[in-house]
Every structure is written in C-alpha cells, then in structure tokens.
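# Test case, fold it:
(one chain, ligands or ions: 4)
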Amino acid sequence: MLKCKAAVAWGPGQPLKIEEVEVQDPQAGEVLVRMVATGVCHTDAFTLSGEDPEGIFPAILGHEGAGIVEAVGEGVTSLKVGDHVIPLYTAECGECKFCKSGKTNLCQAVRATQGKGLMPDGTSRFSINGEPIFHYMGCSTFSEYSVVPEISLAKVNEEAAMDKICLLGCGVTTGIGAVLNTAKVEEGATVAVFGLGGIGLSCIQGARLAGASRIIAIDLNESKFEMAEQFGATDFVNPSKFDKPIQEVIVEMTDGGVDYSFECIGNVNVMRAALECCHKGWGESIIIGVAGAGQEISTRPFQLVTGRVWRGSAFGGVKGRTELPGYVEDYMSGKIEIDPFVTHKMKLEDINEAFHLMHEGESIRTVIEF
Ligand code: NAD
Ligand code: AHE
Ligand code: ZN
Ligand code: ZN
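Ligands and ions are numbered 1, 2, ... in the order given. Model (predicted):
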C-alpha cells in the first residue's frame, strides 16, 4: 500500500478536493501506474455534474492520462516496471465476444465492474482512512497513482511526450477515430462538425487526414473558429446568427446536405440537426457527444427512410492496445497534431480551475502535470 495525492469528487456539483488517498497494491492482472500527465475532458465534467447515470461518488475522476508502470500484480505478462502506458476506458482483452467480433472496439471484459467504479474483482484499490473511494472509467487519472487492469493499458513509445500523448487517452483519438473508423470518410467528402472542443477539433483533423473537400465548423462560441481553421475547417457557422434551423442553413450551403456530420456536444437537439443536415440518400451522422440521464433523441423516421444514417462512436472505434501505439507514432512523425490542443497546463492542486476554463469555453484542453 502507498499513499498519494488525488483529486476526489465527493458528490455531484461539488468542487474536487485534493486528498491523501491510500492506494492498495495491484492484484492479479492489475498494474500500478504513476501518472505523469492527464487531460480534463468534458465527460469528467458531465459525470461531476450528476448527469451521468453511471456517476458514483466519492470517486477519483479522470480518464485521459499517461503514466509509467510502477508495479505489476501476479500474472501480468505484457507490461513491466518502467513501461510508458496510456490507460484505456475501453479495454481490449482480445478474447471476449466483442473483441473477437471484428465489428466493435467495445470490449466487455471489465465493463460491468468498471461502470460500478470497481476493479474486476468487485473491490476498490482506493481508500481514505480505510473507507473505499470509487474508481472512474477504469482509469482514475486525477491521482498521482492509479491501479488499472492490464487489459486497460496501451504500451506506447517511451520517447513520446506524456504531456501531449495523454490526450490520445480520449479526446484526440475519439475525434480522429470517429472520422476514420466509424464514418470512414472518403476523399472529397463534405463534412459538418458540431461543437469545436477537443473532440470536434479532432474530427476536423481527422476529416483533413481523410481528404475531405469541405469541412464546416459549427459552434456558438466564435473564438473556436481560428483553431478550427488551423486544423483544416473551410467554413464557419454560428447557429445563433440565423433565424432558421441550422440544418436548413447547412443544407442550403451544400446543395442538399453534407456526406457526414459529427455531433461533439452532447445536446440532443443538436443531434437532430446534425442528422437532418445530412444529404438525402446517403448522408451519415455520427453521435459522439454524451447526453444527460433521461434525455432522448428524436427525428421523423422519414429522415432514415430516405437514406440518412444515424450512428454512434465510443473512443473513435479504436481498439486501444492494438491501435493506440500507432497513434503515438503518428504524433511523433507529425502526421497527427496534438500540441495546439494543450491550451493550458497546471498542477493537480488547481484542477478546479481546469473545469472552470472548460465551462467558460476558454480552453480546449487543460493538461495536469504531476
Ligand atoms: P468541450 O466542452 O471542450 O466542447 C464542446 C463545444 O461545443 C464547445 O466549443 C461549445 O462552445 C460547443 N457548443 C455547446 N453548445 C453548443 C450548441 N448548442 N451549438 C453549437 N456548439 C455548441 O467538450 P469536449 O471535451 O470536446 O467533448 C464534447 C462531447 O463529447 C461531450 O459531450 C463529451 O462528453 C463527449 N465525448 C464523447 C466521447 C465518446 O467516446 N463518445 C469521448 C470524449 C468526449
Ligand atoms: N456512463 C454514461 C455514458 C458515458 C459515455 O457514453 N461514455 C463514452 C466515453 S466518453 C469519454 O469521454 C463511452 O465510451 N461509452 C461507451 C461505454 O462503454 O461506456 C451513461 O449514459 O451511462
Ligand atoms: Zn473523454
Ligand atoms: Zn474483450
């Protein structure tokens, strides 16, 4: 057992509190990771708000980290002390029905216990004065040390800058993967991206990599347009500047609608607009944003009857252990850009400021360095 600093979410809507937590040794099939850096994703704020049906407190949030293996539990063979790793909220066991299907990245090997804030044996490795604290998304990266299942860790190049590649643990991979794996955007396609945070800008980067001919960037906050342009957006739309539904505006701009759209906000009304701005006969809309408990999407079924397709994407359809090392190499070779996403850096003690910056629309990603 060791003791370290962690930011603890004690309850919905409360600021995180820096606490000294006890971290138990990794058990069989588990790994102790010393966190080096972590991003703060909107999903952390979503869960902290109390809107997440799986939200559970007290917990150590954070799921966009990078760190170094400090110790391994019994039977761990694929990782050793000193390896550089990215924790995965979507594990990859390679053996479950989902992994073997070849149709999805949604490994279910540890998903049930992960959703309950526990390790696969049904217990927590975190405590304060002996009272258990829950894990989060199998990662809990807002802690100097975390215990993570072996199958939830991608081993990556040790030369890669941890304060950048931590964003491959969620935001950057999610956006690029949704474009390349889920939508399979082809060269010359037209694309609309709703919401220009870390996820939306990553979709734009993915669309540029795919060779899209037109990339329409949509946000209420026009300060996001400059970075969208840097990542390859060709058109910029602020829905509040129009007195008609934004789907109509996009359809008019694109001679009948876009080939692909991506919802990167978590707003069910925008999800509808994103579907309905797609071209009749073939347009596909990908839902990435996470909506609060009880919310539902709707549209006229005729939208689907006439050929539009609604899909969703989790972690960009990426199989973490197999594919994430390649994303890290692509970052190192300059194919994937990450540096501009890191608009702010701070210490764990200031983590509530990172949430504040996100809510104010002032940051793309704040990276916490330990
Ligand atoms: P973010 O807060 O950084 O960005 C959201 C952007 O949406 C902001 O720029 C904001 O101005 C804009 N926006 C808000 N309301 C809008 C509206 N009505 N119309 C147009 N723009 C609007 O968030 P993020 O970290 O980029 O995450 C985006 C969403 O993706 C969140 O819901 C998050 O939970 C989700 N997410 C999903 C996955 C997944 O695997 N499916 C992974 C990561 C994040
Ligand atoms: N727990 C929520 C849903 C949250 C959600 O959709 N999470 C995304 C990742 S967001 C990362 O920033 C995801 O991958 N979902 C697939 C999964 O297995 O959780 C709820 O509604 O219950
Ligand atoms: Zn995330
Ligand atoms: Zn699996």
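
# Could you see whether ligand 2 lies near stretch 38-57?
Yes: using Cβ under 6 Å from any ligand atom, stretch 38-57 reaches ligand 2 at 41, 43, 52-54. (Glycine included, C-beta is placed from N, CA and C.)

# Surely Glu349 is in contact with Ile18?
Yes: contact criterion Cβ atoms under 8 Å: Glu349 and Ile18 qualify, at 5.7 Å.

# tally of neighbours for the residue of the stretch 151-300 of the chain found nearest ligand 2?
Nearest residue of the stretch 151-300 of the chain to ligand 2 (Cβ to the nearest ligand atom) works out as Val290 at 4.4 Å. Burial measure for Val290: 18 neighbouring residues, criterion other Cβ atoms under 10 Å.

# For it, which non-adjacent residue is closest in space?
In this structure, Val290 finds its nearest non-sequential neighbour in Gly266, 4.8 Å apart by Cβ to Cβ, 6 or more residues apart in numbering.

# which stretch of helix or strand covers the one you found?
Using DSSP states H and E, Gly266 sits in no helix or strand.

# And it, what's its pLDDT?
The predicted structure scores Gly266 at 98 on the pLDDT scale.

# Now the residue nearest the centre of the chain: phi and psi?
Residue closest to the average C-alpha location in the chain (Cα atoms, centre = their mean): Cys170, at 3.2 Å. Here the main-chain torsion angles of Cys170 (degrees, to the nearest 10) amount to phi -150, psi -80.

# ok, it - contacts?
Contacts of Cys170 were listed using Cβ atoms under 8 Å, 6 or more residues apart in numbering, and they are 39, 41, 43, 63-64, 89, 315.

# Over to Ala273?
Counted by Cβ under 8 Å, 6+ apart, Ala273 has contacts 194, 239, 245-247.

# Kindly recompute the last result at 6 Å.
With contact taken as Cβ atoms under 6 Å, 6 or more residues apart in numbering, Ala273 is in contact with 246-247.

# May I see the buried residues of the one helix or strand it maps to?
With elements delineated by DSSP H and E, Ala273 resides in helix 268-276, which encompasses its position. Going by neighbour count (16 or more other Cβ atoms under 10 Å), the buried part of helix 268-276 is 268, 270-276.

# Let me have the residues you listed in JSON lines, extended by distance to Ala154.
Converted to JSON lines, those look like this (distance: Cβ to Cβ, whole Å):
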{"residue": "Val268", "distance to Ala154": "32"}
{"residue": "Val270", "distance to Ala154": "31"}
{"residue": "Met271", "distance to Ala154": "30"}
{"residue": "Arg272", "distance to Ala154": "35"}
{"residue": "Ala273", "distance to Ala154": "35"}
{"residue": "Ala274", "distance to Ala154": "30"}
{"residue": "Leu275", "distance to Ala154": "32"}
{"residue": "Glu276", "distance to Ala154": "37"}
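
# what's around the residue of the stretch 101-250 of the chain at minimum distance from ligand 1, how many residues?
Going by Cβ to the nearest ligand atom, ligand 1 is nearest to Gly197 of the stretch 101-250 of the chain, at 2.0 Å. Gly197: 23 surrounding residues under other Cβ under 10 Å.

# Ramachandran coordinates for it?
When read as degrees, to the nearest 10, the backbone of Gly197 gives phi -90, psi -160.

# Likewise for Asp235?
According to degrees, to the nearest 10, the main-chain angles of Asp235 amount to phi -140, psi 150.

# For it, which non-adjacent residue is spatially closest?
Counting by Cβ to Cβ, 6+ apart, the residue nearest Asp235 is Ile216, at 4.3 Å.

# And what about the one you found, helix, strand or coil?
strand (DSSP: H, G, I helix; E, B strand; the rest coil).

# Bridged to it, which residues?
The residues paired with Ile216 through beta bridges, assigned by DSSP bridges, are Ala192, Asp235.

# That one and Ala233 touch, don't they?
No: with contact defined as Cβ atoms under 6 Å, Ile216 does not reach Ala233; the gap is 7.1 Å.

# For the two, work out which one has more neighbours and name it.
Regarding Ile216 and Ala233, a neighbour count based on other Cβ under 10 Å identifies Ala233 as having more, with 30 against 25.

# excluding its backbone neighbours, what's nearest that one?
Spatial nearest neighbour of Ala233, excluding adjacent residues (Cβ to Cβ, 6+ apart): Ala217 at 3.8 Å.

# Can you give me the pLDDT of that neighbour?
Note on Ala217: pLDDT of 99.

# For it, the count of nearby residues, please.
By the measure other Cβ under 10 Å, the count of residues near Ala217 is 28.

# so what's it up against?
193, 196, 228, 233, 236.

# Just the buried residues out of those residues, in ChimeraX syntax.
Here is the ChimeraX command that selects the buried residues among the contacts of Ala217 (16+ other Cβ under 10 Å):
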select :193,196,228,233,236
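
# Could you dump the contacts of Ala217 into CSV with distance to Gly326 added?
As requested, the contacts of Ala217 are arranged in CSV below (distance: Cβ to Cβ, whole Å):
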residue, distance to Gly326
Val193, 23
Leu196, 26
Ala228, 25
Ala233, 25
Phe236, 31
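
# With pLDDT and distance to ligand 2 added, can I get the contacts of Ala217 in CSV?
As requested, these are exported to CSV (pLDDT from 0 to 100; distance: Cβ to the nearest ligand atom, whole Å):
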residue, pLDDT, distance to ligand 2
Val193, 99, 17
Leu196, 98, 16
Ala228, 98, 20
Ala233, 98, 22
Phe236, 98, 25
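
# closest to ligand 3 among the contacts of Ala217?
For these, the residue nearest ligand 3 by Cβ to the ion is Leu196; the value is 15.7 Å.

# Look up the closest residue to that closest one, ignoring the ones flanking it.
Spatially, and ignoring its direct neighbours in sequence, Leu196 is nearest to Lys224 (3.7 Å; Cβ to Cβ, 6+ apart).
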